[in-house]
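Chemist: Let's see this in three dimensions:
(one chain, ligands or ions: 1)
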Amino acid sequence: MKVLVTGGTGYIGAHVVRGLAQAGHEPIVVDDLRASKRERAGDFPFEQVSLEDTPALVDVFARHRPEGLVHLAGSISVGESVRNPELYWQNNLSAGASLLLACSRHPVRAFLFSSTAAVYGDTDVSPIPESAKLQPTAPYGSSKLAFERLLHGSAPSLGIRSAALRYFNAAGAHPEWGVGEAHDPEEHLIPRVIEAVVAGRPLQVYGNDYPTPDGTCVRDYIHVTDLAAAHVQVIEADELESGQSFNCGTGTGNSVMQVIEQVGKRLGKEPIVEVSARRPGDPATLVADPSLLRSKVGWQARHSSLEEIVDSAVGWAQARS
Ligand SMILES: NC(=O)c1ccc[n+]([C@@H]2O[C@H](COP(=O)([O-])OP(=O)(O)OC[C@H]3O[C@@H](n4cnc5c(N)ncnc54)[C@H](O)[C@@H]3O)[C@@H](O)[C@H]2O)c1
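Modeler: Predicted structure coming up:
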């Protein structure tokens with residue numbers, strides 16, 4: 001299937017592109033490179049287009065005639081969304097609406113959207129099923145939830161099958177694809193820990209008095225290669241009912257301290273940890289119940305042990321330096 005991948009030079013998108021190609025599909029990369037580099041498109045067909053530019057998008061659809069769409073492009077920082085909510089409504093909702101307009105001219109069979117665990121907000125349910133209360137606490141999660149609703153609501157009249165994948169914490173890198181995590185600024189825990197441990201710099205841990213086994217926050221880390229595989233399975237599942245949202249996580253949590261210790265072990269260096277106050281809005285535990293995705297398409301995580309995630313993330317960081 002020809003699949004247009006927006007945000008296809010980004011961290012997760014570059015893995016999805018390669019996962020689709022490995023499964024025999026033909027990805028077309030669409031990205032305006034605001035947060036990534038052209039080289040990450042590799043040899044795949046590449047269109048440098050901003051989603052806001054509906055005529056340019058319509059032209060891309062007309063030339064490539066994709067049958068599937070994976071929409072990953074977006075703005076990704078919770079903190080930035082609090083400081084600049086307009087950007088998040090613009091880029092995560094309006095720009096997505098522009099993509100739907102293009103689909104109204106050239107409908108695709110399946111439209112997959114990158115959503116987030118942030119749609120659940122500060123919850124004390126664990127593990128979290130898709131039926132949990134949706135109560136995002138920042139414009140990032142609210143804008144993602146709004147687009148989920150717009151997509152699922154528009155899908156019947158557009159004649160497309162929609163699915164939203166709510167990612168938990170994507171991490172790691174495929175060992176051979178050379179497209180690991182490289183956000184700027186980097187806000188995600190594992191690359192930040194690797195950088196600090198390599199540099200011998202102290203690591204800030206925000207709060208060690210949470211109601212978790214070691215007092216630090218617990219998150220569900222999913223290997224980005226497993227995430228890419230989930231996209232392949234969902235886009236191929238023609239029988240899947242439209243309008244569903246799926247958790248993409250493993251069902252197992254690891255704490256901030258466990259991550260730090262694993263990175264230290266892998267690098268053979270003792271991390272220097274400094275504990276400071278909790279950050280407002282950080283839930284104690286966010287772990288997915290991934291059983292819906294498993295039961296609907298048979299997906300399961302295969303590479304998401306903390307050891308394999310950290311090993312691959314360190315491998316990528318060392319290859320870059
Ligand atoms: N990384 C995670 O753990 C995580 C967790 C939950 C959800 N997500 C979602 O997954 C998606 C991908 O995340 P990522 O970590 O790969 O981010 P990323 O920043 O690496 O990739 C996003 C890509 O989208 C492009 N882009 C952004 N806005 C665009 C626009 N208007 N037009 C064209 N291109 C545009 C950027 O240039 C970038 O290449 C995002 O939608 C994010 O919200 C990520």
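Chemist: Quick check, central residue of this structure?
Modeler: By CA atoms, centre = their mean, the chain has its centre lying nearest to residue 167, at 5.1 Å.
Chemist: where's stretch 78-91 relative to the chain centroid, distance-wise?
Modeler: Between the centre of stretch 78-91 and the centre of its chain there are 17 Å (CA atoms, centre = their mean, to the nearest Å).
Chemist: Please identify the pairing partners of the helix or strand containing residue 30 and their relative orientation?
Modeler: For residue 30, the element it lies in under DSSP states H and E is strand 26-31. Strand 26-31 has its sheet partners listed here by DSSP bridges as strand 2-6 (parallel), strand 46-48 (parallel).
Chemist: how about JSON lines for the ones you listed, with mean neighbour count and distance to residue 144 added?
Modeler: Every C-beta, even on glycine, is put in place using the N, C-alpha and C of the backbone. Below are the strands paired with strand 26-31 laid out as JSON lines (neighbours: other CB atoms under 10 Å; distance: least, CB to CB, whole Å):
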{"stretch": "strand 2-6", "mean neighbour count": "26", "distance to residue 144": "14"}
{"stretch": "strand 46-48", "mean neighbour count": "17", "distance to residue 144": "24"}
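Chemist: and of those strands, who's closest to the ligand?
Modeler: strand 2-6 (6.1 Å; CB to the nearest ligand atom).
Chemist: separation between the closest residue to residue 267 other than its chain neighbours and the ligand?
Modeler: Nearest residue to residue 267, sequence neighbours excluded (CB to CB, 6 or more residues apart in numbering): residue 197, at 5.4 Å. The gap separating residue 197 from the ligand is 20 Å, by CB to the nearest ligand atom, to the nearest Å.
Chemist: do residue 189 as well
Modeler: Residue 189 sits at a distance of 10 Å from the ligand (criterion: CB to the nearest ligand atom).
Chemist: distance of the nearest residue to that residue once chain neighbours are set aside from the ligand?
Modeler: Closest residue in space to residue 189, ignoring its immediate chain neighbours: residue 259 at 5.8 Å, by CB to CB, 6+ apart. Between residue 259 and the ligand the distance is 14 Å, computed by CB to the nearest ligand atom.
Chemist: how about the closest residue in space to the residue nearest to the centre of the chain that isn't next to it in sequence, what does it touch?
Modeler: Computed as CB to CB, 6+ apart, the closest residue to residue 167 that is not its neighbour in sequence is residue 248, at 4.9 Å. Applying CB atoms under 8 Å, 6 or more residues apart in numbering, we find residue 248 in contact with 165-168, 222, 227, 230, 288, 290, 293.
Chemist: go again using 6 Å as the cut-off
Modeler: Residue 248 sits next to 165, 167, 227, 230 when contact means CB atoms under 6 Å, 6 or more residues apart in numbering.
Chemist: Can you name the two of these that sit furthest apart?
Modeler: Taking CB to CB, the two most distant members of the contacts of residue 248 are 167 and 230; they sit 9.0 Å apart.
Chemist: So what's the gap between stretch 73-90 and the chain middle?
Modeler: 15 Å.
Chemist: try stretch 165-173
Modeler: 5 Å.
Chemist: is it up against the ligand anywhere?
Modeler: Yes: under the criterion of CB under 6 Å from any ligand atom, the ligand is reached by stretch 165-173 at 167, 169-170.
Chemist: Among those, name the ones in strands.
Modeler: When these are checked against strands (DSSP state E), the matches are 167, 169-170.
Chemist: Kindly reformat these as a markdown table containing pLDDT.
Modeler: As requested, these are exported to a markdown table (pLDDT from 0 to 100):
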| residue | pLDDT |
| --- | --- |
| 167 | 98 |
| 169 | 97 |
| 170 | 98 |
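Chemist: Please dump those residues into CSV; it should also carry distance to residue 153 for every row.
Modeler: Converted to CSV, these look like this (distance: CB to CB, whole Å):
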residue, distance to residue 153
167, 22
169, 28
170, 26
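Chemist: Name the helix or strand of the chain that has the lowest mean pLDDT.
Modeler: When each helix and strand of the chain is scored by mean pLDDT, DSSP states H and E, helix 78-83 comes last, with a mean of 92.
Chemist: Nearest to the ligand, out of the contacts of residue 248: which one, please.
Modeler: Relative to the ligand, the closest of the contacts of residue 248 is residue 167; by CB to the nearest ligand atom it sits at 3.5 Å.
Chemist: Show me which residues of the protein are close to the ligand?
Modeler: Close to the ligand, as judged by CB under 6 Å from any ligand atom, the chain has residues 7, 9-13, 31-36, 50-52, 72-74, 76, 91, 95, 114, 116, 167, 169-170, 183.
Chemist: Of all the strands paired with strand 26-31, which one comes closest to residue 271?
Modeler: strand 2-6 (35.7 Å).
Chemist: so what's residue 102 closest to, chain neighbours aside?
Modeler: residue 57 (4.1 Å).
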